[in-house]
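S.K.: I would like to see how this sequence folds:
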Amino acid sequence: MPNVLTADVRKAATWSIVLSILMVAAGVLAIGIPMIAGIAVTAIVGWLLIFSGLIHLAFAWRAGRPAAVLWQILLGLVYGAIGLYIIARPVAGLESLTFAIALYLFIEAVLEFVLWSRLPDVPGRGWLMVDGVVTLVLAIMILSTWPSSAAWVVGTLIGISMLFSGITRLMLSITVRRLLA
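M.R.: Residues are numbered from 1 along each chain as shown. Okay, the predicted model is just below:
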């Protein structure tokens, strides 16, 4: 029985290696052509918003009270309208998504500074300040060049994430195969 399990794990690790290589390639491609990758991500976000809007509409009738039903219907319509707008105007959607990312990074940096200032003097506390400074610099870089930064921000960030996730998965999968050898 252990040989069957080992064979199954080896097969899964092999497929994981293949998928990891594809993920690394997709990450490099996204970094190389960030505008296309950004528009692809924006389209996915648009479709997710449309789907969320349909879910709100479908479940509105289960809300019970008339005010809750109305609220769910309005939410569904707003989600759907925003999703349709993003799909119909992907560049404008990409600009909005880029602005939202910059705003998120700015708020994250402020929160890192607040946490740093409120923590007692403990080892590693300085890393919160470093994280806050780096995050603030990224937010300022994106905001100061917005909306032209929309051409590279989303695609590049997604590409970097895919690249490092693929490399991590690849290393873990190779380790599993070595342990089975």
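S.K.: pLDDT at Met1, what is it?
M.R.: Listed pLDDT for Met1 reads 51.
S.K.: where exactly do the helices run in the chain?
M.R.: All helices of the chain, identified by DSSP state H, fall at 2-32, 34-59, 66-88, 90-118, 125-144, 153-180.
S.K.: Report the separation between the residue nearest the centre of the chain and Trp127.
M.R.: By C-alpha atoms, centre = their mean, the chain has its centre lying nearest to Ile158, at 6.8 Å. Distance from Ile158 to Trp127, counting by C-beta to C-beta, to the nearest Å: 25 Å. No exception for glycine: its C-beta is placed from N, CA and C like everyone else's.
S.K.: can you check Leu49 too?
M.R.: In terms of C-beta to C-beta, Leu49 sits 35 Å off from Trp127.
S.K.: Tell me which of the two has more neighbours.
M.R.: Neighbours around Leu49 and Trp127, counted as other C-beta atoms under 10 Å, are more numerous at Leu49. The numbers are 21 against 11.
S.K.: hmm, back to that, does the residue nearest to the centre of the chain touch Ile36 like I think?
M.R.: No: if you go by C-beta atoms under 8 Å, Ile158 and Ile36 don't touch, sitting 11.0 Å apart.
S.K.: Buried residues, stretch 143-159. List them.
M.R.: Across stretch 143-159, burial judged by 16 or more other C-beta atoms under 10 Å covers 143, 149-159.
S.K.: for stretch 113-133, same thing?
M.R.: Within stretch 113-133, the residues that count as buried by 16+ other C-beta under 10 Å are 113, 116, 128, 131-132.
S.K.: That'll do, ta.
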